[in-house]
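Chemist: Need a 3D model of the sequence below.
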Amino acid sequence: MQPKQSLMSVVVRMKKFLFSIIVAAGILTAQAEDYTYPYLTFVKSDGTEVSVSTSSLELTVSGNTLKAGKETFLLADLSKMFFSTTEATRVSPPAEDDDEEDLEIYDLSGRKVTREQLQKGIYLFKNKKGTRKQVVK
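Modeler: Predicted structure coming up:
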């Protein structure tokens, strides 16, 4: 068990280091090009996106968690982040009891697709209970 724990700590430290480099590069790029990016958007490994305001933003890494403003993330759950001029749309998580009869599926371009047409990617699943974003692998 010890080698596996050691490997996990190396991965967490590497993620922290890479995260720090990405944040620094993003801040420097935003300042150098004189753009205003009011949001920092985090993309989780399940495809959901969460935006936080960059106004007075404080980022704190503690152990394997990242606190950005009022949001808290597990580093292992984050796949990428980027500065944005628009806030990410929050989409509810998948429902356990989706009614397949009224389910509509859309790609990110807004085109309606069928289950047979699904390929790898991110899709919006919509029914009378709401809309959710889902990654198809």
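
Chemist: give me the element residue 47 is part of.
Modeler: Remark: residue 47 resides in no helix or strand, with elements defined by DSSP states H and E.

Chemist: any chance you could read off phi and psi for it?
Modeler: Backbone dihedrals for residue 47, given as degrees, to the nearest 10, come out at phi 100, psi -10.

Chemist: since we're on it, how many residues are nearby?
Modeler: Neighbours of residue 47 under the rule other Cβ atoms under 10 Å: 16. Every residue, glycine included, has its C-beta placed from N, CA and C.

Chemist: quick one, strands of this structure?
Modeler: 39-44, 49-53, 59-62, 65-68, 71-74, 78-84, 104-107, 112-113, 121-127, 130-136 (DSSP state E).

Chemist: Give me the residues contacting the fourth one.
Modeler: By Cβ atoms under 8 Å, 6 or more residues apart in numbering, the surrounding residues in contact with strand 65-68 are 19, 40, 42, 52, 57-61, 72-75, 78.

Chemist: one more time with 6 Å
Modeler: Strand 65-68 has contacts (Cβ atoms under 6 Å, 6 or more residues apart in numbering) with 52, 59, 60, 72, 73, 74, 75.

Chemist: before we move on, what about the second one?
Modeler: With Cβ under 6 Å, 6+ apart as the test, strand 49-53 has contacts from 39, 40, 41, 42, 43, 68, 69, 71, 87, 88.
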